[in-house]
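Enquirer: give me coordinates for this.
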Amino acid sequence: MNKIEKDLLLAVSDLHQIPAGAYNIRQNGKGIDKKNTANIEIVSKKDKSGIDIIIKPNTINESVHIPVIITESGIKDVVYNDFYIGDNSDILIVAGCGIHNPDKNSSEHNGIHTFHIGKNAKVKYVEKHLGVGQSGEKILNPITEVYLDNGSYMLMETTQLGGVSYSQRKTIAEVSDNAKLVIKEKILTSENQQANTNFDVLLTGQNSSCEVTSRSVAKGQSIQEFISKVTGNNLCFGHVECDAIIMDNSKIISTPEIVANCVDANLVHEAAIGKIAGEQIIKLMSLGLTEKEAEDMIIQGFLK
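Expert: Prediction:
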């Protein structure tokens with residue numbers, strides 16, 4: 001790999017080198033390297049583009065890295081990845097896509113990920129997106145479906161680092177008895193970029209729960225829209241929180257929907273949108289920072 005490719009891989013998957021565990025690296029619409037372990041098998045699909053990631057029951061403290069990088073202009077990549085996580089497993093999955101567009105034509109990656117999480121399994125899923133390069137659009141449209149079996153747990157940490165011209169992010173989840181889904185989303189947009197997020201979580205099981213937290217910063221003339229729907233069909237708990245910083249001439253829309261189909265469903269939605277307080281900037285500038293440096297520090301702290 002050249003420096004641009006290595007930098008993208010580091011940014012979206014924190015990889016300085018080839019990982020020790022299972023991995024599948026995809027570049028410009030093709031798989032370029034793959035490795036299985038004794039407990040994790042990655043199988044290429046025969047009927048369409050993508051892979052099946054099969055994790056044996058009782059697999060503990062293992063990881064799977066499936067980063068995607070695009071370094072050509074005019075690429076439109078679509079990939080279908082299905083995860084089958086065995087009962088009682090405890091694993092880390094790192095995905096994400098980085099696009100370096102060297103020309104004026106659009107480059108796009110659409111990742112459709114489906115998770116089938118077994119009983120009492122635990123999954124931490126980390127996904128980062130980044131766009132860099134010339135004037136050509138960098139488009140990322142992730143779709144994530146999650147099916148949590150009884151007693152299972154999933155933590156999703158999704159981050160849009162910046163530089164993405166357009167994104168349509170959709171997450172669908174169904175949560176069974178005593179299972180829990182935690183989603184932590186962070187999005188940064190600037191210039192004329194647009195980001196749309198849509199969460200649809202169905203709490204079907206008894207004592208099922210979800211926590212969805214979205215933190216975002218919109219700069220320039222960018223537009224962000226956050227739509228969330230949580231439906232409670234049983235004794236359950238759901239909490240959705242959307243916090244955003246708006247700057248310049250940007251626009252942020254937050255649309256909550258909570259549906260209780262059971263008297264024992266406890267559902268909460270909170271949303272807050274505001275600008276950076278001038279007092280915060282002045283305080284940091286008194287320490288020797290420029291106004292831009294102060295703003296950047298506040299933004300980075302907010303998105304942590």
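Enquirer: strands along the stretch 151-300 of the chain, start to end?
Expert: Assigned by DSSP state E, counting those that start in this stretch, the strands in the stretch 151-300 of the chain fall at 153-160, 166-175, 180-189, 194-203, 208-218, 223-232, 236-246, 251-260, 265-274.
Enquirer: who does the first one touch, helix- and strand-wise?
Expert: Meaning strand 153-160. Other helices and strands packing on strand 153-160, by 3 or more Cβ pairs under 8 Å, 6 or more residues apart in numbering; DSSP states H and E, are strand 122-133, strand 143-148, strand 166-175, strand 180-189. For the C-beta atoms, the positions are set from N, CA and C on the backbone; glycine is no exception.
Enquirer: likewise for the fourth one?
Expert: In this structure, strand 194-203 makes packing contacts with strand 166-175, strand 180-189, strand 208-218, strand 223-232, strand 236-246, judged by 3+ Cβ pairs under 8 Å, 6+ apart.
Enquirer: show me what counts as buried in the third one.
Expert: Buried residues in strand 208-218, counting neighbours by 16 or more other Cβ atoms under 10 Å, are found at 208-212, 214-218.
Enquirer: redo these as CSV? Include pLDDT and distance to D264.
Expert: Formatted as CSV, those follow (pLDDT from 0 to 100; distance: Cβ to Cβ, whole Å):
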residue, pLDDT, distance to D264
S208, 98, 11
S209, 98, 12
C210, 98, 15
E211, 96, 18
V212, 95, 20
S214, 94, 26
R215, 95, 30
S216, 95, 32
V217, 96, 37
A218, 96, 37
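Enquirer: just those now: which is nearest I183?
Expert: Nearest to I183 out of those is V212 (Cβ to Cβ; 4.6 Å).
Enquirer: wait, what's in contact with that closest one?
Expert: Listed by Cβ atoms under 8 Å, 6 or more residues apart in numbering, the contact partners of V212 are 183, 185, 199, 201, 228, 230, 238-241.
Enquirer: next one: the residue nearest the centre of the chain from C97, what distance?
Expert: Most central in the chain under Cα atoms, centre = their mean is T158, positioned 2.5 Å from the mean C-alpha point. For T158, the distance to C97 (Cβ to Cβ, to the nearest Å) stands at 12 Å.
Enquirer: common neighbours of these two, please.
Expert: Common neighbours of T158 and C97, using Cβ under 8 Å, 6+ apart, are H129.
Enquirer: pLDDT (mean, whole number) over stretch 292-304?
Expert: On average, the pLDDT along stretch 292-304 is 89.
Enquirer: check which residues of it are buried.
Expert: For stretch 292-304, by 16+ other Cβ under 10 Å, it's 294-295, 298-299, 302-303.
Enquirer: then stretch 238-247?
Expert: 238-246.
Enquirer: and the residue nearest to E191 when sequence neighbours are not counted, how far from N249?
Expert: Residue nearest to E191 in three dimensions, not counting chain neighbours: G220, with 4.5 Å by Cβ to Cβ, 6 or more residues apart in numbering. Distance from G220 to N249, counting by Cβ to Cβ: 7 Å.
Enquirer: next: N24.
Expert: 41 Å.
Enquirer: G118 now?
Expert: 48 Å.
Enquirer: the two: who's more crowded?
Expert: Remark: of G118 and N249, G118 carries more neighbours, 21 against 10, as counted by other Cβ atoms under 10 Å.
Enquirer: tell me the one of the buried residues of stretch 238-247 nearest V263?
Expert: G238 (14.7 Å).
Enquirer: burial of K180, as a residue count?
Expert: 19.
Enquirer: re earlier: now the helices and strands packed on strand 153-160 as a markdown table including distance to L8?
Expert: Shown next, in a markdown table, are these (distance: least, Cβ to Cβ, whole Å):
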| stretch | distance to L8 |
| --- | --- |
| strand 122-133 | 7 |
| strand 143-148 | 21 |
| strand 166-175 | 17 |
| strand 180-189 | 17 |
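Enquirer: out of those, which is closest to N39?
Expert: Nearest to N39, of the helices and strands packed on strand 153-160 and by Cβ to Cβ, is strand 122-133 at 14.1 Å.
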